[in-house]
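Novice: Requesting a structural model of the entry that follows:
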Amino acid sequence: MTDTTTSAYVLRGLWAAIDARDWDDLAARLHPDFRAEYVHTGETFDRDSFVAINRDYPGAWRATVEDYLADGARAVTRTRVHNDEAALFVASFGEVRDGLVASLIEVWADADATPPPEHRPSAPDVA
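Specialist: Numbering: from 1, shown residues only. Reported below is the predicted structural model:
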């Protein structure tokens, strides 16, 4: 793989297209056989429906890749998706084929979630 086709470069480019709201560029970065899955909802998407769900989602969201790892054809990004009212984090597990994102598994979480106290151990007393 060249620098422009490494899995990390390709997956970060996907997020750059989403952040720029450039839906033609996003589609061009997805393999014709692209498949995505949202683990938290069980939804699956092909190339066209993945572009559509991002394009049609209400609001002007920004996407900032905060961390990434890559190993061969696979890469993972941790991205903060935010607007003036809310923030979410998404872990995206992608596989690259022919320089394009071929598959994507995403796990979304609310960045402002508060842990329920009844499910957390008490802090030990410090003397």
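Novice: those helices in the protein, which residues are they?
Specialist: Counting by DSSP state H, the chain has these helices, from start to end: 7-20, 23-28, 47-56.
Novice: Quick one, which of those helices gets closest to Arg80.
Specialist: helix 7-20 (10.2 Å; Cβ to Cβ). All C-beta atoms are positioned from the backbone trio N, CA, C, and that covers glycine.
Novice: Average pLDDT for that closest one, rounded please.
Specialist: Per-region confidence: helix 7-20 scores 96 on mean pLDDT.
Novice: Check the residue positioned nearest the centre of the chain and give its pLDDT.
Specialist: When the chain is reduced to its mean C-alpha position, the closest residue under Cα atoms, centre = their mean turns out to be Ser92, at 4.0 Å. Each residue has a pLDDT score; the one for Ser92 is 97.
Novice: That one bridge partners, please.
Specialist: With DSSP bridges as the criterion, Ser92 is bridged to Thr77, Glu106.
Novice: got the contact list for it?
Specialist: Ser92 is in contact with Leu11, Leu14, Trp15, Val76, Thr77, Thr79, Leu104, Ile105, Glu106, counting by Cβ atoms under 8 Å, 6 or more residues apart in numbering.
Novice: What's the local residue count around the second one?
Specialist: Under the neighbour criterion other Cβ atoms under 10 Å, Leu14 is assigned a count of 26.
Novice: isn't it right up against Val96?
Specialist: No - between Leu14 and Val96 there is no contact under Cβ atoms under 8 Å: 9.8 Å.
Novice: Now do stretch 100-117: distance to the chain's middle.
Specialist: The chain centroid and the centroid of stretch 100-117 are separated by 8 Å under Cα atoms, centre = their mean, to the nearest Å.
Novice: try stretch 7-21
Specialist: 9 Å.
Novice: Can you give me the buried ones in stretch 68-86?
Specialist: Tyr68, Ala70, Ala75, Val76, Thr77, Thr79, Val81 (16 or more other Cβ atoms under 10 Å).
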